[in-house]
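dropping the sequence and predicted coords here.
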Amino acid sequence: MLLKTYIFAKDGLEAFSCTNENVVKVLKFIAILFNIAKILVPIILIVTGVISLAKAVVSDERDFSKEITSLVIKLFVGLFVFLLPTILLAFIDLIDGSEDVRSEFAKCSECILDYSRCPGVSSNNSNKNNSTKNNGKKNDNSTTTINP
């Protein structure tokens, strides 16, 4: 009975592992959303913060405190967005279980935090290495390589 449970748990882990194509697609999508948020959140915070600060300076005392409170809330939201990857890694480090489970979650979290680490995504370095293996033809850097 215990052996069957272990096998089922192992199969269940593979269904949610980073080697599963559907899981990788979801993780890549999340990674893209994180990258977009890393760019857009600071821009939005700066623009809305400047507008709120300008309104606070021009307005009367009652509106001043309301605008400053709004600005502080926006800063905390921005701080949370920037700390979200760190919070995610902290939760993954808290996972108690076997090394297989922990290493699988580590692979998935690396994929979420850095799109180039997702399975099936080639980085620029691997493309450069592939371009040098072209049977003596010139590569992108205009140097000749000869394969034995």
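Okay, I see it. Numbers count the residues shown, from 1 in each chain.

got the residue ranges for the helices in the chain?
With DSSP state H as the criterion, the chain has helices at 2-15, 21-58, 61-93, 99-113, 124-131.

pick the most deeply packed of those helices.
Of all these, helix 99-113 has the most neighbours on average by mean count of other C-beta atoms under 10 Å, namely a mean of 16. (C-beta placed from N, C-alpha, C; glycine too.)

related to what we said a few turns ago, reformat the helices of the chain as CSV; add mean pLDDT.
What follows is the helices of the chain, written out as CSV (pLDDT from 0 to 100):
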stretch, mean pLDDT
helix 2-15, 47
helix 21-58, 85
helix 61-93, 82
helix 99-113, 72
helix 124-131, 45
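
dump the residue contacts of the closest residue to P85 other than its chain neighbours.
In this structure, P85 finds its nearest non-sequential neighbour in L113, 5.1 Å apart by C-beta to C-beta, 6 or more residues apart in numbering. Counting by C-beta atoms under 8 Å, 6 or more residues apart in numbering, L113 touches 31, 34, 85, 88-89.
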